[in-house]
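Peer 1: Got a predicted structure here, sequence first:
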Amino acid sequence: MNKVILLHRRPAGKPVLNDFKFTSESIPAPQIGEILLKTLYVSVDPYLRGRMNDSKSYIPAFELDKPIQSGIIAEVVDSNNAGFQKGEFVLGNLAWKEFQISDGKGLSKIEADDSELTPHLGILGMTGLTAYLGLTEIGIPKPGETLVVSGAAGAVGSVVGQIGKILGCKVVGITGSDEKVELLKSKFKFDNAINYKKNHDLLKAIQLACPKGVDIYFDNVGGVISDAVLANINKHARLPVCGAISLYNETSMPIGPRIQPIILTKSATMRGFIVGDFSEKFPAANKQLATWLKQGKLTYSETIIYGFRNIPQAFINLFDGKNEGKMIVKV
């Protein structure tokens, strides 16, 4: 039988396992023009939390008692489509199913062996594109500027910091443990990093780490961390807003500092973005990321969880900061 994971109920606050439902169905057979896919790797990402709410957004909400979808790498195990051959690997936004049928639309082939597949869910996929395009198109980094990254040990944040270093910035990361602070400085070559859980005066800690102020703030978390960074921005600062994971599970909107006076007096630019906003730039961005990776200028971390049944728990673990880099489930 074919295991499937459904959204059983809409989470109230932080998701729990009972918000998901496991079911099974027969493994389908591909008809003319179709392929049968076997799920190999599943990407779990914070943005999926927003799709669990019944609210209007940039992407449709998940339907109750229907399969959840995310980025998935799959193997073609049977094909009645001339464009796909048995044994090929593909990437696409697919359902949380062990096996599924596709007509091939929206899938991209991956020319790699099994040991080289997972980067296409991370640094060579939407993660890398989000980091590169958000930083270069909105942050517009210049050599000598100071870049601060929140959620810095996560999938996007760790890549943003490395790109900032390549482009000549001083890079400071904000993260949630001493182990991740060391990871940012040793593996990802950040100039400095701050454990926000141990700094009761985060505004002061950022001021000390960024004595010349903050020119670019790549925001992945929102909340009190972003309040503290904004208090340290320079004139003409640029603030790409990629995510707000600290607020995704709030049942009512917290009230924080009114940021308009800061944005106004600093002549700062604050822009939220979805990576699809820059879709026409994907080919060039992917080429640059692949080049840097091959040259050893970029590296990455992955947190691999094993087993189809553990997909929901892996997703929940994101909100407790239990990932270093990209969170992936190997089925």
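Peer 2: That came through, no problem. As the structure is a computational prediction, the values presented were derived from the model and not from experiment. Numbering: from 1, shown residues only.
Peer 1: Packing partners of the longest helix along the chain?
Peer 2: Using DSSP state H, we find that the single longest helix of the chain is helix 282-295. Under the contact criterion of 3 or more C-beta pairs under 8 Å, 6 or more residues apart in numbering; DSSP states H and E, helix 282-295 touches helix 126-133. All C-beta spots, glycine's among them, are computed from the backbone N, C-alpha and C.
Peer 1: Now do the helix or strand following the helix it packs on: everything it contacts.
Peer 2: The helix or strand immediately downstream of helix 126-133 is strand 146-150, counting by DSSP states H and E. Defining contact as C-beta atoms under 8 Å, 6 or more residues apart in numbering, one finds that strand 146-150 is touched by 135, 139, 141, 157, 160-161, 164, 169-174, 206, 210, 212-221, 225-226, 229, 232, 234.
Peer 1: Buried among the residues you listed? Make that a PyMOL selection.
Peer 2: Entered in PyMOL, the line below selects the buried ones among the contacts of strand 146-150, by 16 or more other C-beta atoms under 10 Å:
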select buried, resi 135+139+141+157+160+161+164+169+170+171+172+173+174+206+210+213+214+215+216+217+218+219+220+221+225+226+229+232+234
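Peer 1: The contacts of strand 146-150 in helices, which ones?
Peer 2: Among these, the members found in helices (DSSP H) are 157, 160, 161, 164, 206, 225, 226, 229.
Peer 1: The second one touches residue 136, doesn't it?
Peer 2: Read it as residue 160. No - judged on C-beta atoms under 8 Å, residue 160 makes no contact with residue 136 at a distance of 10.1 Å.
Peer 1: with the ones in helices among the contacts of strand 146-150 in mind, which one is nearest to residue 97?
Peer 2: Each of the ones in helices among the contacts of strand 146-150 was scored against residue 97 by C-beta to C-beta, and residue 157 proved nearest at 30.2 Å.
Peer 1: Report the contact partners of the closest one.
Peer 2: 131, 149, 150, 151, 173, 175, 218, 220.
Peer 1: just those residues now: which is nearest residue 268?
Peer 2: Lowest distance from residue 268 to the contacts of residue 157 (C-beta to C-beta) belongs to residue 218, with 13.6 Å.
Peer 1: And that closest one, how far from residue 212?
Peer 2: Going from residue 218 to residue 212 by C-beta to C-beta, to the nearest Å gives 17 Å.
Peer 1: that older thread, pick the one among the contacts of residue 157 closest to residue 254.
Peer 2: Proximity of these to residue 254 (C-beta to C-beta) peaks at residue 150, which lies at 16.2 Å.
Peer 1: what sits opposite that closest one in the beta ladder?
Peer 2: Per DSSP bridges, the residues bridged to residue 150 are residue 174.
Peer 1: Can you get me a residue count around it?
Peer 2: The local packing of residue 150 (other C-beta atoms under 10 Å) involves 29 other residues.
Peer 1: per-residue pLDDT, it?
Peer 2: Looking at residue 150, its pLDDT stands at 98.
Peer 1: for residue 251, same thing?
Peer 2: 77.
Peer 1: What distance do you get for the closest residue in space to it that isn't next to it in sequence to residue 52?
Peer 2: Nearest residue to residue 251, sequence neighbours excluded (C-beta to C-beta, 6 or more residues apart in numbering): residue 13, at 5.5 Å. Per C-beta to C-beta, residue 13 is found 11 Å from residue 52.
Peer 1: neighbour count winner among these two?
Peer 2: Neighbours were counted for residue 13 and for residue 52 using other C-beta under 10 Å; residue 52 has more, 20 against 10.
Peer 1: if I pick residue 249, what's in contact with it?
Peer 2: Residue 249 neighbours (C-beta under 8 Å, 6+ apart): 11, 13, 14, 15, 49, 319.
Peer 1: quick one, domains of this structure?
Peer 2: Here the chain is described, according to automatic domain parsing, as comprising the domains 2-121+301-330, 126-276.
Peer 1: In a markdown table, list the ones you listed along with distance to residue 291.
Peer 2: What follows is the domains of the chain, written out as a markdown table (distance: least, C-beta to C-beta, whole Å):
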| stretch | distance to residue 291 |
| --- | --- |
| domain 2-121+301-330 | 14 |
| domain 126-276 | 11 |
